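A.B. asks: Return atomic coordinates for the entry below.
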Amino acid sequence: MRVAGIMSGTSLDGIDVAVVDIPRLSGIEVVAHGTTPYPKAVREAILAVSNTDCHTSSISRLHFLLPELYAKALRDLCLRNEIPLDSIELIGCHGQTIFHEDTPAEIARHRVASTLQIGDGSVLAERTGITVVSDFRTRDMAAGGKGAPLVPYVDFALFRHKTRGRVALNIGGIANLTAIPAGAMPDEVIAFDTGPGNMVMDQLVSHATQGRLGYDKGGRMASQGEISNELVDRLLDDPYYARKPPKSAGREQYGSEFVTMLLETKLPIADLVATATYLTASTIARAIDRFVRPRQSVEDLIVCGGGLHNRVLMGHLAKLLSGVEISTSADFGIDPDAKEAVAFAVLAHETARGRASNLPSATGAKRPVILGKISPA
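C.D. replies: Numbers count the residues shown, from 1 in each chain. Model (predicted):
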């Protein structure tokens, strides 16, 4: 089955699209992939409705605008790679998360956990003529889960090894890991968000350059700054890092309020970027030491996501996780920049086959459930 996966993450850098052939889960072939940057106005509009007070009209309009952009990104990818659009049988679209609260909060004298991904599946289906699976997180939350992370189902299929304990690490806007013991069964896998990935670094760089740059390319700015150990220690006191999995994080923790707090320290911006870079590496390493190593050996760390290209960040990880062999998903045939989009193609494939694809051991759900809502072509 040929499936397209469409992913736009918390970093808001753009729309990742992957077209994959799935004869079986252990034999995924990536036909093509690419990223379409969000136009500046669209990125700003999404930020304006993400975990903030806003008008419902803005949310509604973006909910219908985004699938138009998703459809164009898919058509453009197919055109560049000479892929007939009608050869694609299914689309899995994550949508754009604008709010995620995995711990129940009070509203109208009730307490509920909730999540909201915008980007309507019906519009995408209408624009492409292809059946769409979207809104994956809500069913897991309805079943008592955190709604994240969902990629561990795919990590387990791709990276499980009979004799080596492995951790699959994605460094996107948020960093998340999947811990796969040697010879594991699905219910032995754990996964969770470790804390910030690129999100804090990206916001600091954008602030420093008045929006000219959206990220710290190669870790260049971090390499020019000094890490504030005092600030790192203070940030590591956040109770989130000590909380046992399952757990998830997002812009609610590491968005504009967090960055404003950093800027109020009056440290040089390069020092703040260096400190935020080390914070990401440190929270990943601590999560592995605290929650993974007591359960399994860790021989391999398999990295994907934009943070992989930050040499300073990867250098910190290598030092903090000495003795662990670090590789990338490319060594397993999946481009690191395409893996999240590939994952949602796989999750859509499982939904279309009527198969549950959350891992309760990772999300905390009470049972395995079929994810997503289907919008027929």
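A.B. asks: C-alpha only now, for contacts and for neighbours.
C.D. replies: Will do.
A.B. asks: top strand in the protein by residue count?
C.D. replies: Ranked by number of residues, the top strand in the chain under DSSP state E is strand 90-107.
A.B. asks: Now find how far off-centre that strand is within its chain.
C.D. replies: Relative to its parent chain, strand 90-107 has a centroid offset of 12 Å by Cα atoms, centre = their mean, to the nearest Å.
A.B. asks: please begin residue numbering at 659 from this point
C.D. replies: Yep, numbering from 659; the last one is strand 748-765 now.
A.B. asks: Show me what that strand is packed up against.
C.D. replies: Secondary-structure packing of strand 748-765 (3 or more Cα pairs under 8 Å, 6 or more residues apart in numbering; DSSP states H and E): strand 660-666, strand 768-776, strand 789-792, helix 909-912, helix 997-1010.
A.B. asks: Now stretch 829-841: buried residues?
C.D. replies: Across stretch 829-841, burial judged by 16 or more other Cα atoms under 10 Å covers 829-840.
A.B. asks: which one of the helices and strands packed on strand 748-765 has the lowest average pLDDT?
C.D. replies: Sorting these by mean pLDDT places helix 909-912 lowest, at a mean of 88.
A.B. asks: how far does it sit from the chain's center?
C.D. replies: That offset, for helix 909-912, works out to 14 Å (Cα atoms, centre = their mean).
A.B. asks: Buried residues, stretch 880-892. List them.
C.D. replies: For stretch 880-892, a neighbour-count test (16+ other Cα under 10 Å) marks 880-881, 883-885, 889 as buried.
A.B. asks: typo on my end, stretch 798-809
C.D. replies: 798-799, 801-809.
A.B. asks: which residues are contacting the helix or strand that contains residue 689?
C.D. replies: Taking DSSP states H and E as the definition, residue 689 sits inside strand 687-695. The contact list for strand 687-695 (Cα atoms under 8 Å, 6 or more residues apart in numbering) reads 671-680, 731, 735, 739, 991-992, 996, 1000.
A.B. asks: Please flag which of those residues sit within helices.
C.D. replies: Within the contacts of strand 687-695, residues falling in helices by DSSP state H are 731, 735, 1000.
A.B. asks: which residues does the second one contact?
C.D. replies: For residue 735, the residues meeting the contact criterion (Cα under 8 Å, 6+ apart) are 675, 690-692.
A.B. asks: Which one of those is nearest to residue 906?
C.D. replies: For those, the residue nearest residue 906 by Cα to Cα is residue 675; the value is 23.8 Å.
A.B. asks: Find the nearest non-adjacent residue to the closest one, please.
C.D. replies: Sequence neighbours aside, residue 664 is the residue nearest to residue 675 in space, at 4.6 Å (criterion: Cα to Cα, 6 or more residues apart in numbering).
A.B. asks: Please apply the same query to residue 926.
C.D. replies: Excluding its sequence neighbours, the residue lying closest to residue 926 (Cα to Cα, 6+ apart) is residue 883, at 7.9 Å.
A.B. asks: Is that neighbour part of a helix or strand, or is it coil?
C.D. replies: coil (DSSP: H, G, I helix; E, B strand; the rest coil).
A.B. asks: Can you give me every residue that contacts it?
C.D. replies: In this structure, residue 883 makes contact with 926-932, judged by Cα under 8 Å, 6+ apart.
A.B. asks: Could you identify the buried members of the residues you listed?
C.D. replies: Among these, those buried by neighbour count (16+ other Cα under 10 Å) are 927-932.
A.B. asks: Show me the residues you listed that map onto helices.
C.D. replies: 927-932.
A.B. asks: And the residues you listed, which is closest to residue 974?
C.D. replies: Relative to residue 974, and with distances defined as Cα to Cα, the nearest of those is residue 932, at 10.8 Å.
A.B. asks: Strands of the stretch 709-858 of the chain, residue ranges please.
C.D. replies: In the stretch 709-858 of the chain, the strands defined using DSSP state E, counting those that start in this stretch lie at 748-765, 768-776, 789-792, 824-829, 832-838, 848-854.
A.B. asks: Just put these in CSV and tack on distance to residue 955.
C.D. replies: Putting the strands of the stretch 709-858 of the chain into CSV (distance: least, Cα to Cα, whole Å) gives the following:
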stretch, distance to residue 955
strand 748-765, 29
strand 768-776, 33
strand 789-792, 35
strand 824-829, 8
strand 832-838, 9
strand 848-854, 13
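A.B. asks: Let's test this: name the helix or strand in this protein with the lowest mean pLDDT.
C.D. replies: For the chain, scoring each helix and strand by mean pLDDT, DSSP states H and E identifies helix 909-912 as the least confident one, at a mean of 88.
A.B. asks: Show me what secondary structure element comes after that one.
C.D. replies: Following helix 909-912 toward the C-terminus (DSSP H and E): helix 914-921.
A.B. asks: Name the residues of that next one that are buried.
C.D. replies: 914, 917, 920.
A.B. asks: now the second one: how far from residue 835?
C.D. replies: Counting by Cα to Cα, to the nearest Å, the gap from residue 917 to residue 835 is 24 Å.
A.B. asks: Ok, residue 868 next?
C.D. replies: Distance, residue 868 to residue 835, by Cα to Cα: 32 Å.
A.B. asks: Likewise for residue 985?
C.D. replies: Taking Cα to Cα, one finds residue 985 at 14 Å from residue 835.
A.B. asks: try residue 993
C.D. replies: As judged by Cα to Cα, residue 993 and residue 835 stand 17 Å apart.
A.B. asks: Nearest to residue 1015 among the buried residues of stretch 798-809?
C.D. replies: Nearest to residue 1015 among these, with distances taken as Cα to Cα, is residue 808, at 7.9 Å.
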